[in-house]
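**Student:** sharing a sequence plus its predicted fold:
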Amino acid sequence: MSILKKLIPWKLEKDFHLDHAMARSDATFELRYKGKLIGTLRHKDNKWYFSYSDEYKRNPFVSPLANFPKIDKDYIFDELPPFFATRIPALNQPYHFKKLAKYKANKNDLVALLEIFGRHSINNPFELIKI
């Protein structure tokens with residue numbers, strides 16, 4: 001065994017790709033901005049659903065999301081939309097392995113990954129909370 005392998009106790013997950021991950025359970029998340037509800041992301045029956053909240057529809061306090069421009073439309077996707085997928089980091093760092101182990105999460109379960117890593121993102125100021 002090489003010295004490097006002895007020094008690094010974790011295995012690089014170089015074969016993991018987000019597009020191979022699947023959501024294994026049904027779940028609901030709220031998308032919020034400064035505490036105000038923007039909309040809801042749901043996973044049910046292997047589909048992803050996004051819709052704006054009634055509160056947001058009555059008083060849009062921020063611009064509609066670029067991937068979801070029509071606030072009266074209910075969006076349905078076969079795969080996790082990129083706006084939400086970018087909240088999940090690349091899983092090739094020891095910190096991420098430790099976090100997955102701590103929560104006993106499957107690295108291929110998008111619902112679990114969103115719950116663990118998706119609350120805050122460096123990509124945008126919104127908060128995603130599993131309810």
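**Tutor:** Sure, I can see it.

**Student:** the strands in the chain, which residues?
**Tutor:** 27-33, 36-44, 47-52, 75-77, 127-130 (DSSP state E).

**Student:** in JSON lines: the ones you listed, plus mean neighbour count and mean pLDDT.
**Tutor:** (C-beta placed from N, C-alpha, C; glycine too.) Below are the strands of the chain laid out as JSON lines (neighbours: other Cβ atoms under 10 Å; pLDDT from 0 to 100):
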{"stretch": "strand 27-33", "mean neighbour count": "18", "mean pLDDT": "97"}
{"stretch": "strand 36-44", "mean neighbour count": "18", "mean pLDDT": "97"}
{"stretch": "strand 47-52", "mean neighbour count": "18", "mean pLDDT": "98"}
{"stretch": "strand 75-77", "mean neighbour count": "14", "mean pLDDT": "98"}
{"stretch": "strand 127-130", "mean neighbour count": "16", "mean pLDDT": "97"}
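
**Student:** centroid-nearest residue for the chain?
**Tutor:** residue 114 (3.3 Å; Cα atoms, centre = their mean).

**Student:** please name the residues that touch residue 99.
**Tutor:** Residue 99 sits next to 116, 117 when contact means Cβ atoms under 8 Å, 6 or more residues apart in numbering.

**Student:** and the residue lying closest to residue 70 once chain neighbours are set aside, how many residues sit next to it?
**Tutor:** Counting by Cβ to Cβ, 6 or more residues apart in numbering, residue 70 lies nearest to residue 64, which is 7.4 Å off, once chain neighbours are set aside. By other Cβ atoms under 10 Å, 15 other residues sit near residue 64.

**Student:** next up, the contacts around residue 64.
**Tutor:** 52, 70, 71.

**Student:** and of those, the nearest to residue 89?
**Tutor:** residue 52 (26.5 Å; Cβ to Cβ).

**Student:** gap between residue 110 and residue 92?
**Tutor:** From residue 110 over to residue 92 the distance is 17 Å, taken as Cβ to Cβ, to the nearest Å.

**Student:** of those two, give the one with the bigger neighbour count.
**Tutor:** residue 110 (23 against 14).

**Student:** okay but that one is in contact with residue 81, surely?
**Tutor:** No. Using Cβ atoms under 8 Å, residue 110 is not in contact with residue 81; the gap is 11.1 Å.
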